[in-house]
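J.: turn this into a structure:
(2 chains)
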2 protein chains.
Amino acid sequence: MSRKKENETPAKTPINSKKAAGDRLAKTRLLGIAEMLYSQFENETVPSVSLPSRTKTNLEYSNSSDVWVYGDRESERSAKTVKGAFQLLKTTYATDFLLKEHLAQNRGSTLRELYYISEGWDAAKFKEQAESDRLIEDLELLTRLQREFFHMRPEEDGATLFGPLKICEQTKRGERTIHCQKDVGEGGYQIPFNVENIEFKAHDASMVLAIETGGMYARLIENGFDEKYNAILVHLKGQPARSTRRIIKRINEELAIPVAVFTDGDPWSYRIFASVAYGAIKSAHLSEYMATPQAKFLGLQPSDIVEYELATDKLTEQDISALRSELADPRFESGYWKDQIELQLSIGKKAEQQAFAGKGLDFVTEVYLPNRLKEVELL
Amino acid sequence: MSRKKENETPAKTPINSKKAAGDRLAKTRLLGIAEMLYSQFENETVPSVSLPSRTKTNLEYSNSSDVWVYGDRESERSAKTVKGAFQLLKTTYATDFLLKEHLAQNRGSTLRELYYISEGWDAAKFKEQAESDRLIEDLELLTRLQREFFHMRPEEDGATLFGPLKICEQTKRGERTIHCQKDVGEGGYQIPFNVENIEFKAHDASMVLAIETGGMYARLIENGFDEKYNAILVHLKGQPARSTRRIIKRINEELAIPVAVFTDGDPWSYRIFASVAYGAIKSAHLSEYMATPQAKFLGLQPSDIVEYELATDKLTEQDISALRSELADPRFESGYWKDQIELQLSIGKKAEQQAFAGKGLDFVTEVYLPNRLKEVELL
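T.: Residues are numbered from 1 along each chain as shown, chains lettered A, B, ... in the order given. Model prediction:
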């Protein structure tokens, strides 16, 4: 076991003043929307706002941040049409609610609650939750801030983290300092919905290993992988939540710790990797906050299925068309992915990460992962 | 805020010796299966085991424990048939694995891993995971122990708990003492898969409130409901995992703290309540360990939809037939449930617990829950 001295990561700003600064920024930007609309009225122009168009064809590669972001194409919400006028009305109601109920009172609500809250808004009431969810995305684009800054919560989180990292979380009940190996149970540290409220205090980690399934996460904890390799284990729980992607990004960026991703070997899992590394099309405006372009894909690779003769399932029709669509996805545009995906299409098989259990409970931590980590130069 | 002095709950047995005793019991009972088969061979009888039949028609109400358990009907696995012989072969392989790999080495694996592990078992290999899952249930019935005693893990957990309870968890890295309000972040304490490894150290709680959705759980934490009412909040995450039901049962039984359940107002949510209170048909052999018959249903009740004029959705065809089947379910055999279900069928509507947000963010904690808690005599 190679143990270096724990790295102290002294904060430039205390976590509570960082939170206050975030709240101030959100207030200013949300008020900015109201001011813009107000001055349009004052200047006798028809009120409108412009937003980037959120389509696959408007995705562009940003060389500065190494992620896919929205391009220049814009769509307009203007009071020239009845539909646009209603959208602007809802925007002002939502902005007012976030300013007065959330930020002024240090409270929050879920996306689902927001939909119900609008019942009292008369003509500005949302018809369905998809509409209020989309409006919050609009506000993210208009303010260039994530919804967590407005204290909007998702319905469920639940991802956990386990490893040599000491954090301080600013909670509504005060600050909580937690070592994510020594102060937590076997389930690990529960990642909160807003990871901006976390300050990294110290660590002893040389990598983050993000894992798709709970079974494999528990396997790595049981086998002591976090201790032997000084790894921070993050359970992705399938397609990862925003908070999970954001904390991985923050650890990578602020603590300069490399990230590796370990998933099942099927097209849906490659998308899980892609959303960690490059972001999702649906939320490309957040890629710069959430994506970790340096993240390495460990596996399970189609070539592993062949090399280790793993137990497999047959690819379904849906799997095959998902693989084909990945061949055209800009995020998989590399010789490596082309080879792996074409190999998988030719063998017609997929495998799960837990299939390594067929070779004994230690194979994955003693043989497979060390080999792959060497191949991607993280060991 | 009514705060009584924190109750100390001194352990009769230290948690690590309790764990050792559990392991010894599991070893003895598993060896008992092998001994039984061995003596059948020795006595020149065809080897066989008898198990309770796991069907709805074999459910019986146990007056002693107030839950539904399996009745006397049995089915036999006998080596008289090829199918039965294979089942017994798999039983011995699995028993051997649990004894030598799990219990002797203090390790564990997931149900999914067990399925893959059987690849090395030649003729005893499982054809699909349903088969190995069922075999573990057989072993639970044969040993009268829960699978957690054999160190079998589920694929995913993730339920959390937040409130005035101090626990000590026996982990593979040593003991961890955690106060579930003061030592955890806003996400709460992550319930481990085996809650037998938890010892209750002290508490200041007058109730457990089990909540279906993450949004409502976060709402109650934000509104300080746990502090004001000395409530241990448990997030059920939909249909609750075994570990979630077991920890609720243990808190209720060992600390004599009453339990209330707060879900959405639809037939699927009533089943969530029923599985907390009375157990599930699929695992009736575990009801005595997992069910909390004293648990009270708070809501959301169909009568609340009418009384509070909540935002609703129309019942679907599936909802309607689920409600009808509940009218015939022994777990809902009471005047209260008959009235509520018939009311719901007549209004044709359902509502979510977060619908209370339409009346303001504090309505649920300031008005609805206190009223309901008084009605069920928990306040």
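
J.: what does the stretch 151-300 of chain A put close to chain B?
T.: Residues of the stretch 151-300 of chain A lying close to chain B (C-beta under 8 Å from any C-beta of the partner chain) are A:153-158, A:160, A:169, A:171-173, A:176, A:178, A:181-193, A:197, A:213-215, A:218-219, A:221-222, A:237. C-beta here means a position set from N, CA and C on the backbone, and glycine is covered the same way.

J.: keep only those of those residues that are in strands.
T.: Members of these lying in strands (criterion: DSSP state E): A:153, A:160, A:169, A:171, A:176, A:178, A:189-190.

J.: top of those by neighbour count?
T.: A:Y189 (28 neighbours; other C-beta atoms under 10 Å in any protein chain shown).

J.: what sits against it?
T.: Taking C-beta atoms under 8 Å, 6 or more residues apart in numbering or on different chains, we find A:Y189 in contact with A:160-162, A:167, A:178, A:180, B:185, B:187, B:190.

J.: ranking helices and strands of chain A by mean pLDDT, which lands last?
T.: Least confident helix or strand of chain A, by mean pLDDT, DSSP states H and E, is strand A:7-8 with a mean of 73.

J.: what lies in contact with it?
T.: Contacts with strand A:7-8, where a contact means C-beta under 8 Å, 6+ apart, come from A:201-204, A:255.

J.: next: stretch A:334-344.
T.: By C-beta under 8 Å, 6+ apart, stretch A:334-344 touches A:265, A:267, A:270, A:301-303, A:305-306, A:315, A:323, A:326-327, A:332, A:350.

J.: quick one: which of the contacts of strand A:7-8 sit in strands?
T.: Taking DSSP E as the definition of strands, these contribute A:201-203.

J.: show me what counts as buried in the lengthiest helix in chain A.
T.: For chain A, the helix with the greatest residue count under DSSP state H is helix A:15-42. Buried residues in helix A:15-42, counted by 16 or more other C-beta atoms under 10 Å in any protein chain shown: A:15, A:18-19, A:22-23, A:26-27, A:29-30, A:33, A:37, A:40.

J.: show me what the mean pLDDT comes to for that helix.
T.: The average pLDDT for helix A:15-42 rounds to 91.

J.: could you point out which element follows it?
T.: strand A:48-52 (DSSP states H and E).

J.: got the CA positions of that next one in CSV?
T.: Extracted in CSV, the C-alpha atoms of strand A:48-52 (Å, rounded to 0.1, in the frame of the first residue of the first chain):
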residue,chain,number,x,y,z
SER,A,48,-38.6,39.1,-25.8
VAL,A,49,-35.7,36.9,-24.7
SER,A,50,-33.3,34.9,-26.9
LEU,A,51,-32.0,31.5,-26.0
PRO,A,52,-29.6,29.1,-27.7
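
J.: and it, what does it pack against?
T.: helix A:15-42, strand A:74-78, helix A:82-97, helix A:129-143 (3 or more C-beta pairs under 8 Å, 6 or more residues apart in numbering or on different chains; DSSP states H and E).

J.: farthest-separated two in the contacts of strand A:7-8?
T.: With distances taken as C-beta to C-beta, the most widely separated pair in the contacts of strand A:7-8 is A:K201 and A:D204, at 11.6 Å.

J.: quick check: closest non-adjacent residue to A:E155.
T.: Excluding the flanking residues, the one nearest A:E155 by C-beta to C-beta, 6 or more residues apart in numbering or on different chains is B:G215, at 5.1 Å.

J.: show me what contacts the one you found?
T.: Counting by C-beta under 8 Å, 6+ apart, B:G215 touches A:110, A:112-113, A:153, A:155-156, B:354.

J.: just the buried members of the residues you listed?
T.: Buried members of the contacts of B:G215, counted by 16+ other C-beta under 10 Å: A:110, A:112-113, A:153, A:155-156, B:354.

J.: from the residues you listed, which ones fall inside helices?
T.: Judged by DSSP H, helices contain the following of the buried ones among the contacts of B:G215: A:112-113.

J.: which one of the buried ones among the contacts of B:G215 is nearest to A:A231?
T.: Looking across the buried ones among the contacts of B:G215 and measuring by C-beta to C-beta, the closest to A:A231 is A:E156, at 26.1 Å.

J.: which residues does the closest residue to the closest one other than its chain neighbours contact?
T.: Excluding the flanking residues, the one nearest A:E156 by C-beta to C-beta, 6+ apart is B:G214, at 4.0 Å. By C-beta under 8 Å, 6+ apart, B:G214 lies in contact with A:110, A:154-158, B:235, B:237.

J.: pLDDT check: weakest of the residues you listed?
T.: Minimum pLDDT across these is recorded for A:G158, with 68.

J.: CSV for the helices and strands packed on strand A:48-52, including distance to chain B?
T.: Output for these, formatted as CSV (distance: least, C-beta to the nearest C-beta, whole Å):
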stretch, distance to chain B
helix A:15-42, 12
strand A:74-78, 25
helix A:82-97, 10
helix A:129-143, 10
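
J.: including distance to A:L369, could the ones you listed go into TSV?
T.: As requested, the helices and strands packed on strand A:48-52 are exported to TSV (distance: least, C-beta to C-beta, whole Å):
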stretch	distance to A:L369
helix A:15-42	34
strand A:74-78	45
helix A:82-97	46
helix A:129-143	36
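
J.: in the stretch 151-300 of chain A, where is pLDDT below threshold?
T.: A:158 (pLDDT under 70).

J.: ok, now with 90
T.: Under the criterion pLDDT under 90, the flagged ranges of the stretch 151-300 of chain A are A:154-158, A:172, A:187, A:194, A:238-239, A:278-288, A:299.

J.: isn't A:Y289 right up against A:E148?
T.: No: in this structure, A:Y289 is not within contact of A:E148 by C-beta atoms under 8 Å, at 9.5 Å.

J.: distance from stretch A:152-171 to the middle of the chain?
T.: 12 Å (C-alpha atoms, centre = their mean, to the nearest Å).

J.: buried residues, it. List them.
T.: Buried residues in stretch A:152-171, defined by neighbour count with 16+ other C-beta under 10 Å: A:152-171.

J.: equivalent analysis for stretch A:123-143, please.
T.: Under the neighbour-count criterion of 16+ other C-beta under 10 Å, stretch A:123-143 has A:124-126, A:132-133, A:135, A:137-143 buried.

J.: one more: stretch A:341-348?
T.: The neighbour-count check on stretch A:341-348 (16+ other C-beta under 10 Å) flags A:341, A:344-345 as buried.

J.: tabulate those residues (CSV), appending secondary structure.
T.: As requested, the buried residues of stretch A:341-348 are arranged in CSV below (DSSP: H, G, I helix; E, B strand; the rest coil):
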residue, secondary structure
A:I341, helix
A:Q344, helix
A:L345, helix
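
J.: gap between the two ends of stretch A:42-52?
T.: Terminal residues of stretch A:42-52 are spaced 25 Å apart (C-alpha to C-alpha, to the nearest Å).
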